[in-house]
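J.: Below is the structure, and that's it, no one-letter string:
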């Protein structure tokens, strides 16, 4: 079935370190891919998205490229800040946009 | 200016009780969702609605009954609550020029 697999956390980094959170997916058809971020005590917020192969989504210094050949959508940021500490979810959207499947989430801690 | 609001924010109740969670969006979106997030942060879709019509029911027990009185509201009623229902429930809506999903702040349900 359709699924999203992302690297287990928690990921702990020092401020200004490089971040990669891996995400791979399994899907029939051609899904849209997303990264969402959840800060403590809040709902999810869309971070970035890509709707077709080779698209690059970017926002707030984060970026991810839709790689159809490797079925991946890895999240990267060149220099993390303490304020980036949150849980990050990779997701795919199917079914005409009515069904979103989320990965298990990866918690990121950034130390000052 | 809250885009997606949920009430209550916290709900503590006894096993066997019936409870409701309300959700309202003021974004004019056609599509709304209910998600369940467990203690390990795993997020799973429960229902999606479009224009008040049920589109997806992800094999949720029939103790859970969503109701959409109009496009701006999607309420969730739960009968005969069980311990395993304890979780954070998120409402979301989708639409707009970027077809983005917006999440509510969540309702933390604790069943004792």
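T.: Sure thing, it's come through. Worth saying up front: this structure is predicted, and the values here are computed from it rather than measured.

J.: Spell out which parts of chain A neighbour chain B.
T.: A:38, A:41-46, A:49, A:87, A:89, A:95, A:97-102, A:104-105, A:107 (Cβ under 8 Å from any Cβ of the partner chain). Yep, even glycine has a C-beta here, placed from its N, CA and C like the rest.

J.: Pick out the residue in chain A sitting closest to chain B.
T.: Here the residue of chain A nearest chain B is residue A:43; by Cβ to the nearest Cβ that distance is 3.3 Å.

J.: Around that residue, count how many other residues there are.
T.: By the criterion of other Cβ atoms under 10 Å in any protein chain shown, residue A:43 has 21 neighbours.

J.: Residue A:63 versus the nearest residue to it once chain neighbours are set aside, what's the distance?
T.: Nearest residue to residue A:43, sequence neighbours excluded (Cβ to Cβ, 6 or more residues apart in numbering or on different chains): residue B:103, at 3.3 Å. Counting by Cβ to Cβ, to the nearest Å, the separation of residue B:103 from residue A:63 is 22 Å.

J.: between these two, which one's more packed in?
T.: It is residue B:103, of residue B:103 and residue A:63, that has more neighbours when counted by other Cβ under 10 Å, with 22 against 18.

J.: what's near enough to touch the more buried one?
T.: A:43-45, B:4, B:35, B:90-92 (Cβ atoms under 8 Å, 6 or more residues apart in numbering or on different chains).

J.: what does residue B:111 give?
T.: B:13-15, B:81-86.

J.: Report the contact partners of the residue of chain A closest to chain B.
T.: B:4, B:90, B:92, B:103-106.

J.: circling back: which ones among the contacts of residue B:111 come in contact with chain A?
T.: Among the contacts of residue B:111, chain A is touched by none when using Cβ under 8 Å from any Cβ.

J.: just the buried members of these?
T.: B:13, B:81, B:85-86 (16 or more other Cβ atoms under 10 Å in any protein chain shown).

J.: quick one: strands adjacent to the helix-or-strand element of chain B with minimal mean pLDDT?
T.: Ranked by mean pLDDT, DSSP states H and E, the helix or strand of chain B with the weakest confidence is strand B:53-57, at a mean of 89. Here strand B:53-57 has these sheet partners by DSSP bridges: strand B:43-50 (antiparallel).

J.: Describe which strands the top strand by length along chain A pairs with in its sheet and in which direction.
T.: If you go by DSSP state E, chain A has its longest strand at strand A:86-94. Strand partners for strand A:86-94, identified by DSSP bridges, are recorded as strand A:32-38 (antiparallel), strand A:99-102 (antiparallel), strand A:106-111 (antiparallel).

J.: Can you list the buried residues in the last one?
T.: In terms of neighbour count (16+ other Cβ under 10 Å), strand A:106-111 has its buried residues at A:106, A:108, A:110.

J.: And the second one, by the same measure?
T.: If you call a residue buried by 16+ other Cβ under 10 Å, then strand A:99-102 has these buried ones: A:99-102.
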